[in-house]
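Engineer: Dropping a prediction and its sequence here:
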Amino acid sequence: MKKISSHEKNNRGGDLDGFAGGIDEEADLSVRAAWLHFGGGLTQSEVAARLGVPPVKAHRLIARAKSMGVVHVTIDGPIGACIALEQRLTNQYGLSFCQVAPDLEDDPLPLRTLGLVGSRFLSRALLSGEHEVIGFGHGRTLAACVTMLPQMSAPGVKLVSLLGGLSRRYATTPFDVIHRLAERTGAEAYVLPLPFYANTIEDRAVLLEQRGVQPIMAMGIGATLRLVGIGTMEADASILSTGMAEEEEFEEARRAGGVGEVLGHIFGAEGQVIESGLSARALSMPVEEIGRQTTIAIAGGKSKIAPLKAALASGLIRGLITDERTAKTLTA
């Protein structure tokens, strides 16, 4: 077992205080302006252009958001359009948790938007006292969340990797988050000193029998909260660019119908598990274990639409944190 040592609640109920009784469109617009200005770093003129209002109104909207008390170090306060999307996603995919962040950027992969909302969720989860063990996948989006996470003290929480973090050539991936989480939180962190995919099915069996591996795997399976990314099956997929998988086996999984990846397992468009050689060598929990605890995906962007639909259709993902543009496409 390898341990790294280093010196609010999950639902949205607390965010909705004072919001019952219908949506105030002007207040809605004020909160959106605050997100764009303080969260997205846009100037007031840029906010005006994004919202389609005169600059003087953008100034007044931002001022109103401050007077409403929704602007602090972070930005609190629901946006009506996002709440409606959350409800639609919850109903459509049978989720127990959903959070939709207002769009802050036009990039194909909205890392800033997802990093802000994801770090806020993670901060609350770490400090809530609800979870003794929290499990983590890896990827660009989760790495962005950790980058935006403030320094804090969460010594009562154990953090655990849900899958191997090395490439097939035993190089580390730049999107492994567990070490940075340990540095920022002071929590105990446990890693699987394994590659993401074993070279063969026989190698997988041998690696999983190594001393210390099984306890960490069991810790991840038992984690009451898990945060995972959603991988694509396109040419720019992280598992290809980081050397986790070889191109030939990746293409084999695509030809078999794979459109998305979660914890190394490949899913088809209808949510079915694709039984490829790649999935069979994944050094992570068995696919059926993913849905037995609260597993929340953090993902968004145009390239993630098909993978997200596949993962959500599987019924194994209980929660979703995404951006407004992605949510609209998922519910269209």
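Structural biologist: Arrived safely.
Engineer: how many other residues sit next to Ala218?
Structural biologist: 12 (other Cβ atoms under 10 Å). (Glycine included, C-beta is placed from N, CA and C.)
Engineer: Give me the contact list for the helix or strand hosting it.
Structural biologist: Using DSSP states H and E, Ala218 sits in helix 213-222. Taking contacts as Cβ atoms under 8 Å, 6 or more residues apart in numbering, the residues outside helix 213-222 that touch it are 1-2, 133, 135, 158, 160-162, 190-194, 207-208, 226, 284-285, 289, 292-293.
Engineer: Ok, stretch 268-275 next?
Structural biologist: So stretch 268-275 is contacted by 253, 256-259, 265-267, 279, 287, 306, 309-315 (Cβ under 8 Å, 6+ apart).
Engineer: Taking those residues, please make a ChimeraX selection of just the buried ones.
Structural biologist: Burial among the contacts of stretch 268-275 is assessed by 16 or more other Cβ atoms under 10 Å; the matching ChimeraX selection reads:
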select :253,257,258,259,265,266,267,279,287,306,309,310,311,312,313,314
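Engineer: mind listing what the nearest residue to Ser303 once chain neighbours are set aside touches?
Structural biologist: Leaving aside its chain neighbours, Ser303 sits nearest to Thr232 (5.2 Å; criterion: Cβ to Cβ, 6 or more residues apart in numbering). Contact analysis of Thr232 by Cβ under 8 Å, 6+ apart lists Ser238, Gly260, Glu261, Ser303, Lys304, Ala306, Pro307.
Engineer: Could you check the pLDDT of Thr232?
Structural biologist: For Thr232, the model assigns a pLDDT of 96.
Engineer: Met219 now?
Structural biologist: At Met219, pLDDT is 97.
Engineer: and it, how many neighbours does it have?
Structural biologist: Neighbours of Met219 (other Cβ under 10 Å): 20.
Engineer: What separation is there between it and Leu192?
Structural biologist: Taking Cβ to Cβ, to the nearest Å as the measure, Met219 falls 10 Å from Leu192.
Engineer: quick one on the thing from earlier: tell me the buried residues in the helix holding Ala218?
Structural biologist: Quick answer for helix 213-222 (16+ other Cβ under 10 Å): Val213, Ile216, Met217, Met219, Gly220, Ile221.
Engineer: And for stretch 312-330?
Structural biologist: Buried, per 16+ other Cβ under 10 Å, within stretch 312-330: 312-314, 316-327, 329-330.
Engineer: Make a markdown table from the buried residues of helix 213-222 and add distance to Leu114 to it.
Structural biologist: Listed next are these as a markdown table, based on distance: Cβ to Cβ, whole Å:
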| residue | distance to Leu114 |
| --- | --- |
| Val213 | 31 |
| Ile216 | 27 |
| Met217 | 28 |
| Met219 | 26 |
| Gly220 | 23 |
| Ile221 | 26 |
